[in-house]
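*Asks:* Can you look at this prediction? I've put the sequence above it.
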2 protein chains.
Amino acid sequence: MSKSAQIVEALRHSRHDWLNQLQLIKGYMALERYDRMNDVIEEIIQQAHQDSKISSLNAPVFAERLLTFNWHNHPYQLAYECLLERSDLSDKEAKIVRILNEGFIAFDKSSQIGEDNHLLLVLKDLDHLTFEWDFHGRISSFDEIECFIERVTTKETGVKCKEKQFMENEIFVSLEIGP
Amino acid sequence: MSKSAQIVEALRHSRHDWLNQLQLIKGYMALERYDRMNDVIEEIIQQAHQDSKISSLNAPVFAERLLTFNWHNHPYQLAYECLLERSDLSDKEAKIVRILNEGFIAFDKSSQIGEDNHLLLVLKDLDHLTFEWDFHGRISSFDEIECFIERVTTKETGVKCKEKQFMENEIFVSLEIGP
């Protein structure tokens, strides 16, 4: 696909999302549920601020991966929250994109298709840059997630697993990306 | 700029535009002007449908040019309306992009900076594909527009000028792109 076609396609997806949100606002307006309408608007603004933060980390491949993720076919919806103080991830971009891609594939394989599955990715500055993966939904197997953690936490990558919890309908993994 | 950076940048502009629209909706909601709020929502939906039509003509370079135009610095705001029945402009894309680019440059040079200038581009199927350029605002000179029309209406291009009107605060040009 040409560069122009990719931009037109990204704008098409974004317009589609935005029209869906507008329909929701219209719906509440028709019902005169102005309180709910206000909630929806505030949620949209919050999400837009998250998207802006993700876009401002000087890591465009990483940003594109997150911003466009839900436009592709996955057995779960992705949400993300950026709580980082830092404003530049460029020196770590290649590494974190590789970790993201491996993680997404592992969750693709671990979650049951057709269920109401959600993955929340939280970016934090703890001692080091940390990615928390919090999955809620129907899980077919934990093996792929275990393999993913093993594969990315090597001496060479400097990535450490700070916490992992495997429950019936939830997986929580905290990965410290390292200095 | 990398492909990812361009996509992230386009999404940033698009997010910025609709956050502005959302602020307008919020403003009317705060004033309890639900009639105006409804009007704003309907206008946004109309514009989104125009953007969708432009994006569906199998002419991505042309679509990108229009969709992203107002994100660049120009002395006028562009609006467009697509009244075409046809759904494929691919065979004419190179030609119409050249005409668009020449026209935009001519209007860039003809309109006074800092004034409230608007260019409406209407795409029609008359006898042939036709582009109507309707400019309203402060005009510094008609020469550039005359040159533009002369340059693009040659035997080789097959483009014909079906109508032109030069008024104090308005320029109207209708260009038939040819079979």
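*Replies:* Arrived safely.
*Asks:* Distance check, A:Arg151 against A:Ala59.
*Replies:* Separation of A:Arg151 from A:Ala59 (C-beta to C-beta, to the nearest Å): 22 Å. For the C-beta atoms, the positions are set from N, CA and C on the backbone; glycine is no exception.
*Asks:* who has more neighbours, these two?
*Replies:* Counted by other C-beta atoms under 10 Å in any protein chain shown, A:Arg151 and A:Ala59 do not tie: A:Ala59 has more neighbours, with 24 against 15.
*Asks:* Contact residues of chain A facing chain B?
*Replies:* When proximity is defined by C-beta under 8 Å from any C-beta of the partner chain, chain A lies next to chain B at A:2-8, A:10-12, A:14-15, A:18-19, A:22, A:25-26, A:29, A:34, A:37-38, A:41, A:44-45, A:48, A:51-52, A:55, A:60-61, A:63-64, A:67-68.
*Asks:* Among the residues you listed, name the ones in strands.
*Replies:* Here DSSP state E is the test, and those give no hits in strands at all.
*Asks:* Buried ones from the residues you listed, can you make that a ChimeraX selection?
*Replies:* Here is the ChimeraX selection string for the buried members of these, based on 16 or more other C-beta atoms under 10 Å in any protein chain shown:
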select /A:4,5,6,7,8,10,11,12,14,15,18,19,22,25,26,29,37,41,44,48,51,55,60,61,63,64,67,68
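*Asks:* my guess is A:Leu128 meets A:Pro179, correct?
*Replies:* For residue A:128 the amino acid is His, not Leu. Yes: using C-beta atoms under 8 Å, A:His128 makes contact with A:Pro179 at a distance of 5.7 Å.
*Asks:* And chain A, what are its domain boundaries?
*Replies:* Taking automatic domain parsing as the domain assignment, the ranges for chain A are A:1-55, A:59-179.
*Asks:* got JSON lines for these, with mean pLDDT too?
*Replies:* What follows is these, written out as JSON lines (pLDDT from 0 to 100):
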{"stretch": "domain A:1-55", "mean pLDDT": "95"}
{"stretch": "domain A:59-179", "mean pLDDT": "95"}
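*Asks:* right, and those domains - which one's nearest B:Glu132?
*Replies:* When the domains of chain A are compared for distance to B:Glu132 using C-beta to C-beta, the nearest one is domain A:1-55, at 23.0 Å.
*Asks:* could you pull out the helices for chain A?
*Replies:* Per DSSP state H, chain A carries helices over the ranges A:3-30, A:34-55, A:60-68, A:93-110, A:143-152.
*Asks:* Now find how far off-centre the third one is within its chain.
*Replies:* Chain-centre distance of helix A:60-68: 9 Å, with C-alpha atoms, centre = their mean, to the nearest Å.
*Asks:* Contacts made by it with the rest, please.
*Replies:* A:10, A:13, A:51, A:54-55, A:57, A:78, A:80, A:89, A:93, A:96-97, A:100-101, A:121, B:2, B:4-5, B:7-8, B:11 (C-beta atoms under 8 Å, 6 or more residues apart in numbering or on different chains).
*Asks:* ok, 6 Å please
*Replies:* Taking contacts as C-beta atoms under 6 Å, 6 or more residues apart in numbering or on different chains, the residues outside helix A:60-68 that touch it are A:Ile54, A:Ser55, A:Tyr80, A:Glu93, A:Ile96, A:Val97, A:Leu100, B:Ser4, B:Ala5, B:Ile7, B:Val8, B:Leu11.
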